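> Build the 3D model from these lines:
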Amino acid sequence: MTLPPAPLTCTWSTPHSHTGRIALVGELDYSSVEEFLVTITERLEVNPGLRDLHIDCRDLEFCDSLGLAALLTVHRRVVAAGAVLHLDNRRPAFDRMLTITGTLHHLAGGAHKEVGT
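Numbers count the residues shown, from 1 in each chain. Next comes the predicted model:
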């Protein structure tokens with residue numbers, strides 16, 4: 001028996017004037033990446049002064065290759081906006097995937113501002 005994919009819920013907050021936080025609940029996969037990217041893009045547009053974007057992964061149950069591609073896209077957009085991306089509260093399985101794909105340091109390594117920005 002195949003279960004339908006778990007929906008992804010993205011909850012946005014701005015705990016500080018220059019900090020955005022989005023909490024993910026569910027699965028970041030082929031069925032949810034479009035909604036995730038739209039949410040992030042809209043929030044970056046309406047919050048142009050963001051310096052830090054925190055993605056809370058505590059309740060992220062699964063991330064497939066399209067989810068990883070979406071996170072790489074988000075990283076590029078956040079850096080282009082002059083901010084830093086933080087992946088908070090990562091589960092061991094998520095860290096393992098990021099390590100195996102060689103993206104852990106790139107996505108979660110801290111200061112991501114490009115030279116010259």
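> And what about Gly49, helix, strand or coil?
Using DSSP: H, G, I helix; E, B strand; the rest coil, the three-state assignment for Gly49 comes out as coil.
> Excluding chain neighbours, what is closest to it?
Among residues not flanking Gly49 along the chain, His18 sits closest, at 5.7 Å (C-beta to C-beta, 6 or more residues apart in numbering). Placement of C-beta: from N, CA and C, glycine included.
> Relative to Thr11, how far out is the one you found?
Taken as C-beta to C-beta, to the nearest Å, the spacing of His18 relative to Thr11 amounts to 19 Å.
> ok, now Asn47?
Applying C-beta to C-beta, one obtains 15 Å for the distance of Asn47 from Thr11.
> quick one: which of the two has more around it?
Between Asn47 and Thr11, counted using other C-beta atoms under 10 Å, the more crowded position is Asn47 (17 against 12).
> In this structure that one contacts Thr14, no?
Yes - under the contact definition of C-beta atoms under 8 Å, Asn47 touches Thr14, with a separation of 6.8 Å.
> number of nearby residues for Ile22?
Applying other C-beta under 10 Å, we find 18 residues neighbouring Ile22.
> can you list residues touching both of Asn47 and Thr14?
Common neighbours of Asn47 and Thr14, counting by C-beta atoms under 8 Å, 6 or more residues apart in numbering, are Gly20.
> Show me the contact partners of the longest helix anywhere in the chain.
The helix that spans the most residues within the chain, counting by DSSP state H, is helix 65-80. Contacts made with helix 65-80 from outside it, assessed by C-beta under 8 Å, 6+ apart, are listed as 27-30, 32-33, 36-37, 40-41, 44, 50, 53, 55, 63, 84-85, 87, 97-98, 101, 103, 106-107, 112-114, 117.
> Thanks a lot, catch you later.
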